[in-house]
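Engineer: quick one, what's the 3D model for this:
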Amino acid sequence: MQELNQSAVTEFILLGFASSPRTDPLLFTFFLVFYLLILVSNNLLITLTLQDTCLHTPMGFFISVLSMLDVCYTTTTVPQMLVHILSKKRAVSFARCVAQMYLFLLFGITESWLFSIMSVDRYVAICHPLRYKVIMNHWVCLLMVGIRAAYGVVSCLSYTFFAMRLPCCGPNEIDHYFCEVPAVLKLACTDTSLNDLVDFITGFNVIVVPLSLIVLVYVNIFFTIMKIRSAQGRIKAFSTCLSHITVVTMFAIPCCIVTYMSPGSDSWSNSGKKMALFYIATAFLNPVIYSLRNKDVNRAFLKLVGRGRAPE
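Structural biologist: Next up, the predicted model:
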């Protein structure tokens, strides 16, 4: 596969942002600070969930996995983007481009399915609270994450394979910040109808199916919450789901559906290019949202900095 493509194109040029001597240092500083904040916030959340026993829960485990995925898929793109902002040559080898597409898809698909797992966790916690610890035990949590990660590996292999099997015999300039399949498909000098079909099927399996599961789960959660007699109890039950609903909305609607459910590679435009920046924004906002709305996380942080009391 690689030899066929490299016979015509051996490297790609990432156009990235409009080059300007005045704006480049500002862009570099902005994204560097933002990337460092992503690393600090997510790694801090991982550290808290590992060190504090009160966060050794299924949701605490899923939050730490979410933070690891956010760190991974931003690291596959942002460091290279920072280098290219200050570099006149923005070339990426064919092999690195394929690897970047694969890894970015892998972490993104795994995160998409992780949100559905987290919704199931909320369903068990609210609808079956007495059996929560039995159903959502440590091995079940590991198994669910492992299966979804394995599914991501297989899905990314097929998606990337069908994308890179196309001959790229024309221009090698990618109008994007990093190598992403919809942007790379625009360089193909042949019919991409099969790739559009694979694109749609992949998007359906990793976006529509998890989102449908999440909606179905929350419908059941809603009816269960409405059966709670006290208003305070209903508010408390709903508040445990609010953080998850917020991050799912930020991740799925602006980032995934607009990008991967578009009908064909020709629909990729500047709006889609700008929308890709939400990948970076959500990686920063996820730990912030879970930290602000989780009392256990706040208490663990105060304990870590020496302002809280250890549990008796």
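Engineer: tell me the buried residues in stretch 285-301?
Structural biologist: L285, N286, P287, I289, Y290, S291, N294, V297, R299, A300, F301 (16 or more other C-beta atoms under 10 Å). To be clear about C-beta, it is placed using only N, CA and C from the backbone, and glycine gets the same treatment.
Engineer: now H244, nearest residue through space, not along the chain?
Structural biologist: In space, and not counting its chain neighbours, H244 is closest to M118: 5.4 Å by C-beta to C-beta, 6 or more residues apart in numbering.
Engineer: these two touch, right, the one you found and S64?
Structural biologist: No - between M118 and S64 there is no contact under C-beta atoms under 8 Å: 11.8 Å.
Engineer: more neighbours, these two?
Structural biologist: M118 (24 against 18; other C-beta atoms under 10 Å).
Engineer: which element is the more buried one on?
Structural biologist: Element membership for M118 (DSSP states H and E) is helix 94-127.
Engineer: quick check: next helix or strand after that helix?
Structural biologist: Using DSSP H and E, the first helix or strand after helix 94-127 is helix 132-135.
Engineer: buried stuff in the helix or strand just after that following helix?
Structural biologist: Downstream of helix 132-135, the first helix or strand assigned by DSSP H and E is helix 138-164. The neighbour-count check on helix 138-164 (16+ other C-beta under 10 Å) flags 141, 144-145, 148-149, 152, 155-156, 159-160, 162-164 as buried.
Engineer: show the subsequent helix or strand relative to helix 138-164.
Structural biologist: Scanning onward from helix 138-164 (DSSP H and E), the first element met is strand 173-174.
Engineer: hmm, who's touching that following strand?
Structural biologist: For strand 173-174, contacts defined as C-beta atoms under 8 Å, 6 or more residues apart in numbering pick out F12, I13, L14, L15, C97, A183, V184, K186, L187.
Engineer: what's the closest non-adjacent residue to the residue nearest to the spatial centre of the chain?
Structural biologist: Nearest to the mean C-alpha position of the chain, counting by C-alpha atoms, centre = their mean, stands G108 at 4.1 Å. Nearest residue to G108 in three dimensions, chain neighbours excluded: Y73, at 5.8 Å (C-beta to C-beta, 6+ apart).
Engineer: can you tell me how far that neighbour is from S155?
Structural biologist: 15 Å (C-beta to C-beta, to the nearest Å).
Engineer: check L302 too.
Structural biologist: In terms of C-beta to C-beta, L302 sits 41 Å off from S155.
Engineer: over to A237?
Structural biologist: Taken as C-beta to C-beta, the span from A237 to S155 is 34 Å.
Engineer: which elements pack onto the helix or strand hosting L32?
Structural biologist: Taking DSSP H and E as the criterion, L32 maps to helix 23-51. Counting by 3 or more C-beta pairs under 8 Å, 6 or more residues apart in numbering; DSSP states H and E, the packing neighbours recorded for helix 23-51 are helix 58-75, helix 78-86, helix 278-292, helix 295-304.
Engineer: so which of those is nearest L216?
Structural biologist: helix 58-75 (18.6 Å; C-beta to C-beta).
Engineer: before we move on, back to that, now do the helix holding L32: distance to the chain's middle.
Structural biologist: 15 Å (C-alpha atoms, centre = their mean, to the nearest Å).
Engineer: how about stretch 151-160?
Structural biologist: 15 Å.
Engineer: any stretches of the stretch 101-250 of the chain with poor pLDDT?
Structural biologist: 167-170 (pLDDT under 70).
Engineer: again, only this time at 80
Structural biologist: Scanning the stretch 101-250 of the chain for pLDDT under 80 picks out the ranges 158-159, 161-173, 175, 180-204, 206-207, 250.
Engineer: number of nearby residues for V33?
Structural biologist: 10.
Engineer: chain center to stretch 241-251, what's the gap?
Structural biologist: On C-alpha atoms, centre = their mean, the centre of stretch 241-251 falls 12 Å from that of its chain.
Engineer: repeat for stretch 102-112
Structural biologist: 7 Å.
Engineer: using CSV, list the CA coordinates for it.
Structural biologist: Extracted in CSV, the C-alpha atoms of stretch 102-112 (Å, rounded to 0.1, in the frame of the first residue of the first chain):
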residue,chain,number,x,y,z
TYR,A,102,-4.3,6.3,12.4
LEU,A,103,-3.4,7.3,15.9
PHE,A,104,-5.7,10.3,15.9
LEU,A,105,-8.6,8.1,14.7
LEU,A,106,-7.7,5.4,17.2
PHE,A,107,-7.8,7.8,20.2
GLY,A,108,-10.9,9.6,18.9
ILE,A,109,-12.9,6.5,18.2
THR,A,110,-12.0,5.0,21.6
GLU,A,111,-13.0,8.2,23.3
SER,A,112,-16.3,8.2,21.4
